[in-house]
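Visitor: make a model of this:
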Amino acid sequence: MKNLSKTLIFIVGLFFIAFFLRAYLIPQNLFFGPEQGRDFLAIKNIAINHNLTLIGAKTDIDGIFHGPIYYYLATLPFLMSSGSPVFVSFFFIAINSLTVFLIYYLGKTLFNKRVGIFSAIIFTFSFGAVVYSRWLSNPPLSIPLSGLYFLFLYRFLRGHSLSLIWASIVFFLLGESELLNFIFYGTITLLVIILFNNE
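Guide: Below is the predicted model:
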């Protein structure tokens, strides 16, 4: 019990460090370009004008769009802060930082406690993960969602049939956050199932 408490305190500490590293100097350095302006107009239309949409941010291919999950998630912090991009950014950074818990639990479940702790530490201090999560846009949602997806997929492969439903929901949300995730995670899932069946 004592070791569990120490581990929990350590992981919670990593969460706060992760949040600090990702939120540090955001008010002075938040990039708010044309894409962010377009997204915030869509968020304002949902939050203020109640114009619901099934179309999200534009992709690099004309006529093809991401899903609107980012817009709907951003609506609450948008309303709470009267449309402050900095507050919305902090909100998504907090969601991203929660991945510390997912990474720890996934590493512990797949291997052991040490792997879980080591994985959480790497995620917390990873320069790439820090920079990516500071981007005020829809793709960074893929980070926490991917942790959830692999956890549910693993549980399903280990015999928890209900986890397939949750994995399917998270897979859908991954595609909503970034359209290419349907291809990436679809391919990964197919390979995992093939390898698992060959064991």
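
Visitor: show me which helix runs longest in the protein.
Guide: helix 2-23 (DSSP state H).

Visitor: tell me which other helices or strands that one touches.
Guide: helix 85-97, helix 99-110, helix 113-125, helix 127-133 (3 or more C-beta pairs under 8 Å, 6 or more residues apart in numbering; DSSP states H and E). Yep, even glycine has a C-beta here, placed from its N, CA and C like the rest.

Visitor: give the buried residues for the third one.
Guide: Taking 16 or more other C-beta atoms under 10 Å as the neighbour-count basis, helix 113-125 is seen to contain the buried residues 115-117, 119-121, 123-124.

Visitor: nearest to Thr53, out of those: which one, please.
Guide: Phe123 (32.3 Å; C-beta to C-beta).

Visitor: list the contacts of the closest residue in space to the closest one that isn't next to it in sequence.
Guide: Among residues not flanking Phe123 along the chain, Ile103 sits closest, at 4.8 Å (C-beta to C-beta, 6 or more residues apart in numbering). By C-beta atoms under 8 Å, 6 or more residues apart in numbering, the contact list for Ile103 reads 116, 119-120, 123, 147.

Visitor: what about 10 Å?
Guide: Ile103 is in contact with 11, 14, 18, 115-124, 129, 143-144, 146-147, 150-151, counting by C-beta atoms under 10 Å, 6 or more residues apart in numbering.

Visitor: also Gly37?
Guide: Pro85.

Visitor: also Gly56?
Guide: 39, 42, 65-72, 138, 176-179.

Visitor: what about those residues, which are in helices?
Guide: 39, 42, 69-72, 176-177.

Visitor: and the residues you listed, which are buried?
Guide: For the ones in helices among the contacts of Gly56, buried by 16+ other C-beta under 10 Å: 39, 42, 69-72, 176-177.

Visitor: quick one: low-confidence parts of this protein?
Guide: Scanning the chain for pLDDT under 70 picks out 1-4, 198-199.

Visitor: go again with 80.
Guide: Low-confidence segments of the chain, defined by pLDDT under 80: 1-4, 59-63, 196-199.

Visitor: nearest to Gln28, of the helices and strands packed on helix 2-23?
Guide: helix 85-97 (9.6 Å).

Visitor: now do that closest one against helix 113-125, angle only.
Guide: For helix 85-97 against helix 113-125, the angle by axes from the mean of the first three to the mean of the last three C-alpha atoms, to 10 degrees is 160 degrees.

Visitor: I'd like to know which elements helix 85-97 is packed against.
Guide: helix 2-23, helix 26-29, helix 34-47, helix 69-80, helix 113-125, helix 127-133, helix 142-157 (3 or more C-beta pairs under 10 Å, 6 or more residues apart in numbering; DSSP states H and E).

Visitor: hmm, try it at 8 Å
Guide: By 3+ C-beta pairs under 8 Å, 6+ apart, helix 85-97 packs against helix 2-23, helix 26-29, helix 34-47, helix 69-80, helix 127-133, helix 142-157.

Visitor: most neighbours per residue, which of those?
Guide: Across the helices and strands packed on helix 85-97, averaging neighbours per residue (mean count of other C-beta atoms under 10 Å) puts helix 142-157 on top, at a mean of 21.
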